[in-house]
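S.K.: What follows is a predicted structure for the sequence shown.
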Amino acid sequence: MQKIWADGGYAGSCVVRVKKATGIDLEIVRKTDSMSGETWIKGDEATPQAEGFKVLKWRWLIERTFGWLGRYRRLSKD
């Protein structure tokens with residue numbers, strides 16, 4: 001494994017700790033505008049100008065993982 005995509009909650013010192021401990025690059029996937037949800041960009045990239053609906057490139061990977069982690073959460077609450 002060479003790269004891990006992560007949610008913005010893992011930004012900051014976590015990126016450095018993961019690189020130091022494992023040698024794996026941790027890339028934080030960010031949205032350009034939290035309200036519109038049009039695109040995701042790296043922290044150092046310029047904001048692209050898109051019109052209409054645009055699929056978020058890596059969002060599905062992160063959302064799928066959160067879905068797996070919380071799969072049986074609702075069953076434990078009922």
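M.R.: Looks like it came in fine. The shown structure was predicted, so the numbers you read here are calculated from the model rather than taken from an experiment.

S.K.: so who does C14 touch?
M.R.: The contact partners of C14, taken as Cβ atoms under 8 Å, 6 or more residues apart in numbering, are 6, 26. Where you see a C-beta, it was placed from the backbone N, CA and C, and this is true even at glycine.

S.K.: where does it fall, helix, sheet strand or coil?
M.R.: Following DSSP: H, G, I helix; E, B strand; the rest coil, we place C14 in the helix state.

S.K.: ok, how many other residues are close to G9?
M.R.: Using other Cβ atoms under 10 Å, G9 has 8 neighbouring residues.

S.K.: In a strand, it, correct?
M.R.: No - assigned with three-state DSSP, G9 falls outside any strand and is helix.

S.K.: Give me the average confidence score over stretch 1-21.
M.R.: Computed over stretch 1-21, the mean pLDDT rounds to 86.

S.K.: repeat for stretch 46-57
M.R.: Mean predicted lDDT for stretch 46-57 stands at 63.

S.K.: now do stretch 64-73
M.R.: On average, stretch 64-73 scores 76.

S.K.: Contacts for it next, please.
M.R.: D7.

S.K.: Dump it to PDB, restricted to CA.
M.R.: In PDB, the C-alpha atoms belonging to stretch 64-73 read as follows (Å, rounded to 0.1, in the frame of the first residue of the first chain):
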ATOM      1  CA  ARG A  64     -18.200   3.500   1.700                       C
ATOM      2  CA  THR A  65     -15.600   2.900   4.400                       C
ATOM      3  CA  PHE A  66     -17.600   4.900   6.900                       C
ATOM      4  CA  GLY A  67     -20.700   2.800   5.900                       C
ATOM      5  CA  TRP A  68     -18.800  -0.400   6.600                       C
ATOM      6  CA  LEU A  69     -17.500   0.800   9.900                       C
ATOM      7  CA  GLY A  70     -21.000   1.700  11.000                       C
ATOM      8  CA  ARG A  71     -22.800  -1.200   9.400                       C
ATOM      9  CA  TYR A  72     -24.300  -2.700  12.500                       C
ATOM     10  CA  ARG A  73     -24.400   0.500  14.600                       C
END
